[in-house]
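# Any chance you could fold what I've pasted below:
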Amino acid sequence: MEQYKAELGVGCSYCHAKDLDTDDVDYASEENPMKSKARLMIEMTDEINRKFLSQLGDGRYTEPFGCGGCHRGRAKPADAEG
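Predicted coordinates for the structure are as follows:
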């Protein structure tokens, strides 16, 4: 999770809901829609790595693709900010 936070430049509550009574992050909650979006993005990057980068040959020489490839420390990739 620390890597996701760094690559998107966000805190935990960006994807995880906060408990309204305690103001603590409720990691188990599915209330924050960003959590579902993050899961889709994680699946997408996993598929890119598994399906396409694996075809480039020896994995020792292929850097895995991750969130930071597009986000570069921003919650929304530069192209998506319009």
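# Only C-alpha atoms from now on, for both contacts and neighbour counts.
Will do.
# and the residue in the chain sticking out farthest from the centre, how far is that from residue 29?
Distance from the C-alpha centroid of the chain, by CA atoms, centre = their mean, peaks at residue 21 (27.1 Å). Distance of residue 21 to residue 29, computed by CA to CA, to the nearest Å: 14 Å.
# ok, now residue 22?
Residue 22 sits 14 Å away from residue 29, going by CA to CA.
# More neighbours: these two, which one.
residue 29 (12 against 8; other CA atoms under 10 Å).
# Looking at the more buried one now. What's its pLDDT?
We have a pLDDT of 95 for residue 29.
# what's the answer for the one 3 residues further on, then?
Note on residue 32: pLDDT of 96.
# now do residue 11
pLDDT, read off for residue 11, is 94.
# Ok, residue 48 next?
Residue 48 is assigned a predicted lDDT (pLDDT) of 90.
# Could you pick out the longest helix of the protein?
helix 33-47 (DSSP state H).
# Show me what counts as buried in it.
For helix 33-47, the neighbour count (16 or more other CA atoms under 10 Å) marks 35, 45, 46 as buried.
# that older thread, helix, strand or coil: sort out the residue farthest from the centre of the chain for me.
Secondary structure for residue 21, judged by DSSP: H, G, I helix; E, B strand; the rest coil, is coil.
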